[in-house]
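Enquirer: With the input below, show me the fold.
(chains A and B)
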There are 2 protein chains.
Amino acid sequence: MADYLIGIDGGGTSCRAAVADASGQILGRGKCGASNILTDPDTALKNIEQAARLAFTEAGLGEDLVPSSPALLGVAGNNVAHAVDYISARLPFRRFEIVSDGLIALQGAIGNRDGAIAILGTGSIFIARHAGTVHYIGGWGFQIGDFGSGARIGHAALQESLLAHDGIRPQSEMTRTFMAEFGDDPSKAVDFARAAYPNDYGRYAPRVLAFAEKGDTAALRLMREAASLVDEALDRVSAVNGGEGPLCLLGGLAEIYPRFLAERHRARLSKPAADALAGAVSLAAATFQHARHELGAS
Amino acid sequence: MADYLIGIDGGGTSCRAAVADASGQILGRGKCGASNILTDPDTALKNIEQAARLAFTEAGLGEDLVPSSPALLGVAGNNVAHAVDYISARLPFRRFEIVSDGLIALQGAIGNRDGAIAILGTGSIFIARHAGTVHYIGGWGFQIGDFGSGARIGHAALQESLLAHDGIRPQSEMTRTFMAEFGDDPSKAVDFARAAYPNDYGRYAPRVLAFAEKGDTAALRLMREAASLVDEALDRVSAVNGGEGPLCLLGGLAEIYPRFLAERHRARLSKPAADALAGAVSLAAATFQHARHELGAS
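Expert: Modelled structure (predicted):
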């Protein structure tokens, strides 16, 4: 019988682990570097194991208990078969379950209830639970998805700056500032854009917001356009789950978005109950306690 | 003294050349493969020379006259110094001038008058001449520019198809058709988008138009949004050249755009007087006759 449970929140910038008792009560936490199973699975494996060991140490438990404790991992890329196969063959846990990073975030934010979350960071995705079934809406990455995300806001801001430089749209303090950083040379902005990853664009998002808060007309329009797409996605979320339960915004833009959203959504917003790591532990308790009962409390 | 002049219209898919007498009267034409001086300068050099030889042959002139005849080349990438340096050191013409592909298109379309063109193909750019000065507006490539272009329309159509697949936007025959081609699997559409070049997106544009013509609501909205950006750019063109002279649409989308544009621009549209190759010859005549006079009719 498993005395301890492990929850893992594996992210692109850090990996967090928690150890809990059989009831799901968290006893210790650990944090390590990136655990992106798609781009660097070996580093991910190393950091997942190290984060788990740190959690056991913080809890005053021996690291030798790690391999025998069942683990639930929430990671991006859980739907990419070859990546999951690769780490599944190498994880240090005798029993484990791999789910999406979105699912542990949903579980942390709203627990077992029906409800929904919108994750608004460098990317974006909307997740709703209705009558126990989880629905994923949006996402799909920067190229043709992730509407309302920081990367899309930053990208739109550079486009707007070029349009203003050409006199097609009015200049603003924001467009002048961004173009000045490229020496007022559009070809330098184009060079940046050709090489840019989503997080390169995403770094512009907080600056766009800061300009919007100062009343910059171009920045305000971009924020309203982004929020309008988020409103549309939240309309879909409401249609999927009947508008039942809490709606939580998560991610780096969670604090800034409410003021730009339509009142029908703003009125539903609530604070997340807990974070994604707590969600992973909660799912670990549900998953492995359930399995234990099925197996006759082995 | 130069008895013959050469005009070159160097494009990404083909290179066209014309030989003209000293007055600019075209005597023969030749056509070869791609002449992209940025991505494949050696092939470009080969095709530029071969197209010129074919033009002399068609005119019944000896190919041995090619090197001594001054040439004006209109090519994309004329503002990229290292590419221009590379081909300048290797072109088979004793005297030559390299200008933008846009400038020869402008010259062909409106001759020596003030006026403007909008090139609407896989990419987009707007060029206006006012009191003899040429102004370039827009362009800048697919990543953060080229608004209203075929690539941007195709990109928007795939985005719309994903939004419809997720139920965020209404489905239409267009969105269902495009998603069905990816087996109704968004991750396949994302794979396409990750690898797509602008012309991969651009191939969707005529199909978006065809759906719009059948009244497809999503396709109509995308065409109107694209046209709205073109309207804004044309407003800037009018501001730059005082709305003087003809306005010509060029490129693969030239035929389809007028019906979507604002009446204030539609009323100004006229057919281009001639093509870009004729524009190159016209500029060759102006450039080298002028030079000849300066040099004392050498």
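Enquirer: For the stretch 151-298 of chain A, which segments count as strands?
Expert: Ranges of strands within the stretch 151-298 of chain A are A:247-250, based on DSSP state E, counting those that start in this stretch.
Enquirer: which residues touch the residue in it that chain B sits nearest to?
Expert: Evaluated by CB to the nearest CB, the stretch 151-298 of chain A has A:Ala193 as its residue closest to chain B, separated by 4.0 Å. All C-beta atoms are positioned from the backbone trio N, CA, C, and that covers glycine. Neighbouring residues of A:Ala193 by CB atoms under 8 Å, 6 or more residues apart in numbering or on different chains: A:155, A:158, B:141, B:143-144.
Enquirer: Now with 6 Å, please.
Expert: Residues in contact with A:Ala193, defined by CB atoms under 6 Å, 6 or more residues apart in numbering or on different chains, are B:143-144.
Enquirer: ok, A:His20 touching A:Ile8?
Expert: One correction, residue A:20 is Ala, not His. No - assessed by CB atoms under 6 Å, A:Ala20 is found out of contact with A:Ile8, at 11.8 Å.
Enquirer: so what's the backbone phi/psi at the spatially most distant residue from the centre of chain A?
Expert: In chain A, counting by CA atoms, centre = their mean, A:Gly167 sits farthest out from the average C-alpha position, at 37.3 Å. Main-chain torsions, A:Gly167, degrees, to the nearest 10: phi 80, psi 10.
Enquirer: pLDDT score for the residue lying closest to it once chain neighbours are set aside?
Expert: Excluding its sequence neighbours, the residue lying closest to A:Gly167 (CB to CB, 6 or more residues apart in numbering or on different chains) is B:Arg236, at 5.0 Å. Predicted confidence (pLDDT) for B:Arg236: 97.
Enquirer: Does B:Arg236 touch A:Ile168 like I think?
Expert: Yes - counting by CB under 6 Å, B:Arg236 does reach A:Ile168; the two are 4.7 Å apart.
Enquirer: picking that back up, quick one: which of A:Ala20 and A:Ile8 has more around it?
Expert: Using other CB atoms under 10 Å in any protein chain shown as the criterion, A:Ala20 and A:Ile8 rank with A:Ile8 on top: 32 against 23.
Enquirer: can you confirm that one is in a strand?
Expert: Yes - looking at A:Ile8 with DSSP: H, G, I helix; E, B strand; the rest coil, it is inside a strand.
Enquirer: what's near enough to touch it?
Expert: A:17, A:48, A:71, A:73, A:280.
Enquirer: Return the distance of it relative to B:Leu253.
Expert: 51 Å (CB to CB, to the nearest Å).
Enquirer: for A:Phe288, same thing?
Expert: When A:Phe288 is compared with B:Leu253 (using CB to CB), they lie 59 Å apart.
Enquirer: For those two, indicate the residue with more neighbours.
Expert: Higher neighbour count among A:Phe288 and B:Leu253: B:Leu253, with 26 against 23, using other CB under 10 Å.
Enquirer: Who are the contact partners of the more buried one?
Expert: So B:Leu253 contacts B:120, B:150 (CB under 6 Å, 6+ apart).
Enquirer: do A:Ile87 as well
Expert: Residues near A:Ile87 by CB under 6 Å, 6+ apart: A:37, A:41, A:45.
Enquirer: which element is the first one on?
Expert: Meaning A:Ile37. Following DSSP states H and E, one finds A:Ile37 outside all helices and strands.
Enquirer: Quick one: neighbours of it, just the number.
Expert: So A:Ile37, with other CB under 10 Å, has 25 neighbours.
Enquirer: Return the per-residue confidence for it.
Expert: Looking at A:Ile37, the pLDDT reads 92.
Enquirer: quick revisit: pick the one among the contacts of A:Ile87 closest to chain B.
Expert: For the contacts of A:Ile87, the nearest to chain B is A:Ile37 (16.1 Å; CB to the nearest CB).
Enquirer: gap between the worst-scoring helix or strand of chain A on mean pLDDT and the chain center?
Expert: Every helix and strand of chain A was ranked by mean pLDDT, DSSP states H and E. The lowest is helix A:276-294, at a mean of 84. Relative to the centre of its chain, helix A:276-294 is centred 20 Å away, using CA atoms, centre = their mean, to the nearest Å.
Enquirer: Just the C-alphas of it, formatted as PDB.
Expert: As requested, the backbone C-alpha atoms of helix A:276-294 are provided in PDB (Å, rounded to 0.1, in the frame of the first residue of the first chain):
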ATOM      1  CA  ALA A 276      -1.700  23.400 -10.300                       C
ATOM      2  CA  LEU A 277       0.700  21.600  -7.900                       C
ATOM      3  CA  ALA A 278      -2.100  21.100  -5.400                       C
ATOM      4  CA  GLY A 279      -4.300  20.000  -8.300                       C
ATOM      5  CA  ALA A 280      -1.700  17.300  -9.200                       C
ATOM      6  CA  VAL A 281      -1.700  16.100  -5.600                       C
ATOM      7  CA  SER A 282      -5.500  16.100  -5.500                       C
ATOM      8  CA  LEU A 283      -5.700  14.000  -8.700                       C
ATOM      9  CA  ALA A 284      -3.000  11.700  -7.400                       C
ATOM     10  CA  ALA A 285      -5.100  11.000  -4.300                       C
ATOM     11  CA  ALA A 286      -8.200  10.400  -6.500                       C
ATOM     12  CA  THR A 287      -6.300   8.300  -9.000                       C
ATOM     13  CA  PHE A 288      -4.300   6.000  -6.800                       C
ATOM     14  CA  GLN A 289      -6.700   5.700  -3.800                       C
ATOM     15  CA  HIS A 290      -9.300   4.600  -6.400                       C
ATOM     16  CA  ALA A 291      -6.900   2.200  -7.900                       C
ATOM     17  CA  ARG A 292      -6.000   0.800  -4.500                       C
ATOM     18  CA  HIS A 293      -9.600   0.100  -3.700                       C
ATOM     19  CA  GLU A 294     -10.100  -1.600  -7.000                       C
END
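Enquirer: which residues are contacting it?
Expert: Defining contact as CB under 6 Å, 6+ apart, one finds that helix A:276-294 is touched by A:2, A:5, A:7-9, A:16, A:18, A:20, A:24, A:26, A:70, A:72, A:74, A:97, A:104-105, A:107-108.
Enquirer: Longest helix in chain A, please.
Expert: helix A:217-241 (DSSP state H).
Enquirer: For the residue nearest to A:Gly167, give its distance to A:Leu158.
Expert: 19 Å.
Enquirer: And the helices in the stretch 101-250 of chain A?
Expert: A:101-110, A:150-165, A:173-181, A:186-195, A:198-202, A:205-213, A:217-241 (DSSP state H, counting those that start in this stretch).
Enquirer: how far off helix A:150-165 does the fourth one point, in degrees?
Expert: Counting by axes from the mean of the first three to the mean of the last three CA atoms, to 10 degrees, helix A:186-195 points 160 degrees away from the direction of helix A:150-165.
Enquirer: Could you give the average pLDDT over helix A:186-195?
Expert: Helix A:186-195 comes out at a mean pLDDT of 94.
Enquirer: Need the contacts of A:Ile8 in JSON lines (columns: neighbour count and secondary structure).
Expert: Below are the contacts of A:Ile8 laid out as JSON lines (neighbours: other CB atoms under 10 Å in any protein chain shown; DSSP: H, G, I helix; E, B strand; the rest coil):
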{"residue": "A:Ala17", "neighbour count": "32", "secondary structure": "strand"}
{"residue": "A:Ile48", "neighbour count": "28", "secondary structure": "helix"}
{"residue": "A:Ala71", "neighbour count": "28", "secondary structure": "strand"}
{"residue": "A:Leu73", "neighbour count": "32", "secondary structure": "strand"}
{"residue": "A:Ala280", "neighbour count": "33", "secondary structure": "helix"}
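Enquirer: SS state for A:Leu5?
Expert: Assignment for A:Leu5 (three-state DSSP): strand.
Enquirer: Show me what it bridges to in the sheet.
Expert: Beta-bridge partners for A:Leu5, by DSSP bridges, are A:Ala20.
Enquirer: shouldn't it be in contact with A:Asp21?
Expert: No - counting by CB under 6 Å, A:Leu5 stays clear of A:Asp21, with 7.5 Å between them.
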